[in-house]
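>>> mind looking at a prediction? Sequence and model below.
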Amino acid sequence: MRANWFELPVNDMNRAKEFYSSIFDVDMGDDFAMGTSVMSFFPFVTDQEGATGTLIKQESYIPSHEGALVYFAVKEINDVLPKITSAGGKVINEKMSIGEHGFVAHFEDSEGNRVALHQSA
């Protein structure tokens, strides 16, 4: 079994979209309303492995450092880390080796969520 979806809570959808668009150089697209929720989807390519997800603004979704930790796969962590602070986030842990599994780094996004980056070995 493999995870296939995630939702990152946000307080300010526009700020969060701008944050993720700037650090990953992606277009978050238009917002999508579903009931009382507003979502903005991360780009998804159907023939690639891995999960995709959304930013979500909903009264019961609260950004947090506690709970699940989402890792985004990137080619080079050091290309992303400098963008985090200038986009309104905070680097928590710089790039560190996890041996044969590559490298990781943790950051706080513009909304206060703890999120991580993974770079293959």
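Sure thing, it's come through.

>>> give me the helices and strands touching the lengthiest helix in the chain, please.
Using DSSP state H, we find that the single longest helix of the chain is helix 13-24. For helix 13-24, the packing partners by 3 or more CB pairs under 8 Å, 6 or more residues apart in numbering; DSSP states H and E come out as strand 37-41, strand 52-57, helix 77-86. C-beta here means a position set from N, CA and C on the backbone, and glycine is covered the same way.

>>> now the angle from the next helix or strand after the longest one to helix 77-86?
Next helix or strand after helix 77-86 toward the C-terminus (DSSP states H and E): strand 90-97. Angular relation of strand 90-97 and helix 77-86 on a 0 to 180 degree scale: 170 degrees, by axes from the mean of the first three to the mean of the last three CA atoms, to 10 degrees.

>>> partners of strand 90-97 in the sheet?
Strand pairing for strand 90-97, using DSSP bridges, gives strand 103-108 (antiparallel).

>>> list the contacts of the partner strand.
Here strand 103-108 makes contact (CB atoms under 8 Å, 6 or more residues apart in numbering) with 65, 69, 71, 77, 80-81, 84, 89-98, 114-119, 121.

>>> in CSV: the helices and strands packed on helix 13-24, plus mean neighbour count.
Output for the helices and strands packed on helix 13-24, formatted as CSV (neighbours: other CB atoms under 10 Å):
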stretch, mean neighbour count
strand 37-41, 17
strand 52-57, 20
helix 77-86, 15
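
>>> so which bits of the next helix or strand after the longest helix of the chain are buried?
Where DSSP H and E defines the elements, the next helix or strand beyond helix 13-24 is strand 32-34. Along strand 32-34, no position meets the burial threshold by neighbour count (16 or more other CB atoms under 10 Å).

>>> what about strand 32-34, average pLDDT?
Taken as a whole, strand 32-34 has a mean pLDDT of 95.
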